[in-house]
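Colleague: show me the folded form of this:
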Amino acid sequence: MNIKKYSQEVLKESRRVRWPKREVLVPSIIVVVSIAVFAAMVLSLEDLLVGELLKQLRNAFESLR
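Modeller: Residues are numbered from 1 along each chain as shown. Below is the predicted model of the structure:
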């Protein structure tokens with residue numbers, strides 16, 4: 001299959017796609033961004049806590065030497 005025919009078929013198929021209305025799209029984007037921000041905050045907090053725990057463990061075991 002050559003690139004020209006492939007491009008034509010992609011354009012033809014993209015015209016058949018039913019794109020969501022703005023009233024549906026904007027709330028969906030807000031939900032996705034909110035979940036992503038929340039997940040980033042939770043993972044950052046978890047990373048901070050695990051880092052602190054590892055530092056405390058390293059200090060505890062260094063004092064045993």
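
Colleague: mind listing what's buried along stretch 24-42?
Modeller: By neighbour count with 16 or more other CB atoms under 10 Å, stretch 24-42 contains no buried residues. No exception for glycine: its C-beta is placed from N, CA and C like everyone else's.

Colleague: would you mind measuring from Phe38 to Ser44?
Modeller: Going from Phe38 to Ser44 by CB to CB, to the nearest Å gives 11 Å.

Colleague: my bad, should have said Val24
Modeller: 31 Å.

Colleague: same check on Lys21?
Modeller: As for Lys21, its distance to Ser44 is 35 Å (criterion: CB to CB).

Colleague: now do Val26
Modeller: Remark: distance between Val26 and Ser44 (CB to CB) = 27 Å.

Colleague: for the chain, which element, helix or strand, carries the lowest mean pLDDT?
Modeller: Using mean pLDDT, DSSP states H and E, helix 3-16 stands out as the lowest-scoring helix or strand of the chain, at a mean of 92.

Colleague: Val42 is in what secondary structure piece?
Modeller: Assigned by DSSP states H and E, Val42 belongs to helix 22-62.

Colleague: show me the shaky parts of the protein.
Modeller: 1 (pLDDT under 70).

Colleague: how does it look with 90?
Modeller: The model of the chain has pLDDT under 90 over residues 1, 17, 19, 63-65.

Colleague: ok, how many other residues are close to Lys5?
Modeller: The local packing of Lys5 (other CB atoms under 10 Å) involves 9 other residues.

Colleague: cheers, nothing more for now.
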